[in-house]
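Peer 1: got a structure for you, letters missing:
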Ligand code: FAD
């Protein structure tokens, strides 16, 4: 028996469900990653040539390839390691499986609608060739229908979901797949198979980004380094996580996205620490449960990808036209005149990451201060976040716009100035991204238009020149939003 393991959002060798099942059932196992042209070509067509995610993936593939080579006793240049193809996966996987004469292809679930549609095509083509397609859970602790209400329905409120999740979880669900025990089945490539190697960015049409300047460690070793670092601070997570200037969160989201860390390992250590009395670990585990929660929301309610979870919210009339487009551009480019919002947008634009508190603040600002459809903000985040995850991003946006399940009530509208005073009291985060405001005193940095002319002169801030005036007045915008959302009550 021989098998092919298709890697997707699981770029690691340790604790890997599909790899484990393949190694256990077949005598010869090969591994493949497809740089899927169905995903990459549309990015290029939209002019997104510099994409940190593509660079992150290529880096991580190099490490994965080296790890597989080491395990196959096959050095660089030898015929083994990861097979990497730049093609449409829906065609390439069946082609390669036939070429290798495998009996089965193994892969981990990817529950995004587009991925499910692709997998259905692959399953069909493999079946035509008499090849089995085995798929299973790897990316989350509980998926699909694993955590349901007593009445058998899907949860749409987080707290009861979390309670049910915590009740169900035990060592069984968190234990690692012992892949190491079965590595003997990893096989060198068969005769006739050509080594194309891992392509460079340029070979697949992309341009370099600033990923390496960000010192964001990639691959399995990067994920491990970030985890080790975070475990030193996990006890403080509960309060440190809310302040963007503080190193509070784990920064593991991109590694969870591409599976360079195992969710089981993270949930296991969080649960162990929580049971040993760490409040911070308990709060962090809750965040990992939010991740599962939004994945199951997308599974049970795939309409959220395009429309509001609560259909009555689709009756809201968002701002359109030239003025709205100009406001949207100001938001994207960090020129709203609200320093916390602008610094946050500078963070995503310069690094591909944005602190969770700021994702909430900027999303609320776009929908409730500028009156712009959450889908436009969601799409901007999808293009720019290195950790972009359809379920979490959609969940976050629908939370902020109040249209989601268990969302913030529509009349709760973040005040961008008080959020700034509360979560960046000294303006440290703002100054990091908006150096032109660096000399403003903390009391004025949150709302420079309220600073005295003397203060502005002393700190060399010229409103409208070195820093924009606010594009909207929050109080007026708030009133407009309450009016706009009235349709929801009808
Ligand atoms: P930590 O605080 O260390 O949290 C650990 C992990 O828990 C995260 O890596 C993530 O996997 C998970 N997590 C934390 N908060 C959430 C949440 N609210 N929902 C789901 N999972 C969560 N997260 C993404 O991974 N991808 C996205 O595209 C994304 N878009 C978002 C958009 C908006 C508008 C909002 C409000 C939130 C979004 N989030 C998204 C959730 C959250 O902001 C990020 O997961 C978090 O900031 C990542 O940083 P971290 O790894 O340091 O997080």
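Peer 2: Noted; the coordinates are in hand. Keep in mind that this is a model prediction, so the values were computed, not measured. Numbers count the residues shown, from 1 in each chain.

Peer 1: tell me which element the residue of the stretch 301-450 of the chain found nearest the ligand is part of?
Peer 2: Nearest to the ligand in the stretch 301-450 of the chain, going by C-beta to the nearest ligand atom, is residue 396, at a distance of 2.4 Å. (Each C-beta comes from the backbone N, C-alpha and C, glycine too.) If you go by DSSP states H and E, residue 396 is part of helix 390-400.

Peer 1: one more: residue 418?
Peer 2: helix 416-423.

Peer 1: what's the first helix or strand after that helix?
Peer 2: Of the helices and strands lying after helix 416-423 in sequence (DSSP H and E), the nearest is helix 428-433.

Peer 1: quick check: buried residues in that following helix?
Peer 2: Within helix 428-433, the residues that qualify as buried are 429, 430, 431, 433, counting by 16 or more other C-beta atoms under 10 Å.

Peer 1: following it, which helix or strand comes up?
Peer 2: That would be, after helix 428-433 and using DSSP H and E, helix 442-445.

Peer 1: now do that following helix: distance to the chain's middle.
Peer 2: Here helix 442-445 is found 33 Å from its chain centre; the criterion is C-alpha atoms, centre = their mean, to the nearest Å.

Peer 1: for it, buried residues please.
Peer 2: Buried-residue list, helix 442-445, by 16+ other C-beta under 10 Å: 444, 445.

Peer 1: what of stretch 40-52?
Peer 2: Using 16+ other C-beta under 10 Å as the test for burial, stretch 40-52 gives 40, 43, 48, 51, 52.

Peer 1: just those residues now: which is nearest the ligand?
Peer 2: residue 52 (13.3 Å).

Peer 1: if we can go back for a sec, hmm, residue 362 and the residue of the stretch 301-450 of the chain closest to the ligand touching each other?
Peer 2: No - checked against C-beta atoms under 8 Å, the pair residue 396 and residue 362 is beyond contact range at 10.4 Å.

Peer 1: look at these two and report which has more neighbours.
Peer 2: Taking other C-beta atoms under 10 Å, residue 396 and residue 362 do not tie; residue 362 has more neighbours (29 against 23).

Peer 1: residues in contact with the more buried one?
Peer 2: 331, 341, 344, 345, 354, 377 (C-beta atoms under 8 Å, 6 or more residues apart in numbering).

Peer 1: ok, and does stretch 254-265 reach over to the ligand?
Peer 2: Yes - residues of stretch 254-265 are located near the ligand by C-beta under 6 Å from any ligand atom, namely residue 256.

Peer 1: quick one: contacts of that stretch?
Peer 2: Contacts of stretch 254-265 (C-beta under 8 Å, 6+ apart): 8-12, 14-16, 56-57, 60, 108, 138-141, 173-176, 216, 218-220, 222-224, 226-227, 252, 266, 288, 291, 352-353, 386-389.

Peer 1: from one end of that stretch to the other, what's the distance?
Peer 2: Taking C-alpha to C-alpha, to the nearest Å, stretch 254-265 runs 16 Å from one end to the other.

Peer 1: which phi and psi values does the residue nearest to residue 385 when sequence neighbours are not counted adopt?
Peer 2: Nearest residue to residue 385, sequence neighbours excluded (C-beta to C-beta, 6 or more residues apart in numbering): residue 352, at 6.1 Å. Main-chain dihedrals, residue 352, degrees, to the nearest 10: phi 80, psi 0.

Peer 1: was I right about residue 352 contacting residue 54?
Peer 2: No - using C-beta under 8 Å as the test, residue 352 is too far from residue 54 to be in contact (11.4 Å).

Peer 1: what does the stretch 351-490 of the chain put close to the ligand?
Peer 2: So the stretch 351-490 of the chain meets the ligand at 356, 359-360, 363, 381, 385, 387-389, 392-393, 395-397, 400 (C-beta under 6 Å from any ligand atom).

Peer 1: pull out the buried positions in the helix holding residue 418.
Peer 2: Quick answer for helix 416-423 (16+ other C-beta under 10 Å): 416, 417, 419, 420, 421, 423.

Peer 1: closest to residue 200 among those?
Peer 2: Of all these, residue 200 sits closest to residue 423, with 40.9 Å by C-beta to C-beta.
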